[in-house]
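Chemist: Structure for the following, please:
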Amino acid sequence: MSSFRFNHVFVVLLLLSVLSAFVIPKKTSGVRAHVQGIFYPIAKPARMIASALRGPSGRLDDRRAAGEIVAENERLKIALAGLTAQVEMLHSRVAEGEQFGEVGRYTKRVAVMGNDPGSRDSLSVVGRFDATLLNQPAVYNYGLAGRFERAGLTGAQVRLITDRSFSATGRFGAFVSDGVGGILFDAKSTVPPLVEGYGNGVMMVKNLEFEAAARAGIGEGTWVVLEDKDYPPVLKHQKLGRVVSVKKRPEAPLWADIEVRPEWNLMALTQVWVLRSPNEERSANSQAATTN
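Modeler: Residues are numbered from 1 along each chain as shown. Below you'll find the model as predicted:
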């Protein structure tokens, strides 16, 4: 019988709640206050329990030692810093993909798994590659990264431009405004430099006389770009790096040792863009023609 009566009381209280919230006009605030007072026997114990659980500052009482709380705060700071770095990396990758311009139409992105073991300047990349990708150029957001080699069904290696086996002809110069919002490459009048990988993130140019380099104004900060007939025309003037020093060669003082470094640490890349193979390019063109 008591259960039956409690159910009735519960229903009455529920109806009064609905009336107080939605039916009784705002001007009857005094009546509403009396109606709300009916819930005092229930609200008072609940509030007392909540107050007992909370500390004097209004937060739940934490009975841990101060050292434990400080340690937890430090862990949370480290976790937040890690998440922030990941977000910044994602923004950076999006920005990288937008910097290729015309070259981006002919490339696809591949992920870097890590450095190729050994003493070579090369990267291991993940993906399915066929034989048509052998020697295909790989680029990154600051220029040419290298060339693909040993492509297979699960991955490939990218021989970087700083590897000792790399060589290509280039051009010294600077990037200047064309006056209409674009950028042009202003080449210096020298013999085409032969840019050779020297290992450990360095390239060297050794086929230029020291006096000729001085007359052309080649010095620290001068750009070196790709200008090699063995590469696709779309990669002409892709950046190789900047000159970091021009010195006389000890054993042949008439000639210059010109050290060049890429704009970025290539061994730290997390992704590169590879020029599509001829088969992929034909397939892409065919799909575009079908869509149109």
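Chemist: which regions of the protein sit below the pLDDT cut-off?
Modeler: Counting by pLDDT under 70, the chain contains low-confidence residues at 1-11, 13-14, 16-63, 85-105, 117, 277-292.
Chemist: All the strands of it, residue numbers only.
Modeler: Secondary structure of the chain (DSSP state E): strands located at 107-115, 122-126, 137-140, 143-149, 155-160, 167-177, 183-187, 194-199, 202-205, 223-226, 239-249, 252-261, 271-275.
Chemist: which of those strands sits most buried?
Modeler: When neighbours are counted by mean count of other CB atoms under 10 Å, the highest per-stretch mean among those falls to strand 137-140, a mean of 25. Backbone N, C-alpha and C define where each C-beta goes, glycine included.
Chemist: circling back: nearest to residue 78 among the strands of the chain would be which one?
Modeler: In terms of CB to CB, the element of the strands of the chain nearest to residue 78 is strand 107-115, at 24.3 Å.
Chemist: quick one, what contacts residue 200?
Modeler: For residue 200, the contacting residues are 121, 162, taking CB atoms under 8 Å, 6 or more residues apart in numbering as the criterion.
Chemist: Check the one 5 residues further on too.
Modeler: For residue 205, the residues meeting the contact criterion (CB under 8 Å, 6+ apart) are 170, 193, 194, 195, 196, 224, 256, 258, 260.
Chemist: Which members of those residues are the farthest-apart pair?
Modeler: Top of the distance list for the contacts of residue 205 (CB to CB): 170 and 256, 14.7 Å.
Chemist: Among the contacts of residue 205, which one lies nearest to residue 65?
Modeler: Each of those was checked against residue 65 using CB to CB; the closest is residue 260, at 57.3 Å.
Chemist: can you give me the helices in the protein?
Modeler: Counting by DSSP state H, one finds helices in the chain at the ranges 2-18, 29-37, 40-53, 66-97, 210-215, 278-291.
Chemist: before we move on, back to that, can you put the strands of the chain in JSON lines and add distance to residue 84?
Modeler: Formatted as JSON lines, those follow (distance: least, CB to CB, whole Å):
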{"stretch": "strand 107-115", "distance to residue 84": "22"}
{"stretch": "strand 122-126", "distance to residue 84": "26"}
{"stretch": "strand 137-140", "distance to residue 84": "24"}
{"stretch": "strand 143-149", "distance to residue 84": "27"}
{"stretch": "strand 155-160", "distance to residue 84": "30"}
{"stretch": "strand 167-177", "distance to residue 84": "32"}
{"stretch": "strand 183-187", "distance to residue 84": "32"}
{"stretch": "strand 194-199", "distance to residue 84": "35"}
{"stretch": "strand 202-205", "distance to residue 84": "33"}
{"stretch": "strand 223-226", "distance to residue 84": "33"}
{"stretch": "strand 239-249", "distance to residue 84": "30"}
{"stretch": "strand 252-261", "distance to residue 84": "29"}
{"stretch": "strand 271-275", "distance to residue 84": "20"}
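Chemist: between those, which gets nearest to residue 75?
Modeler: strand 107-115 (28.2 Å).
Chemist: Provide the strand pairings for that closest one, with the direction of each partner.
Modeler: In the sheet, strand 107-115 lines up against strand 122-126 (antiparallel), strand 271-275 (antiparallel) (DSSP bridges).
Chemist: Residue 132: how many residues sit nearby?
Modeler: 14 (other CB atoms under 10 Å).
Chemist: I'd like the distance between it and residue 151.
Modeler: In this structure, residue 132 and residue 151 are 8 Å apart, going by CB to CB, to the nearest Å.
Chemist: again with residue 230
Modeler: Relative to residue 151, and taking CB to CB, residue 230 is found at 18 Å.
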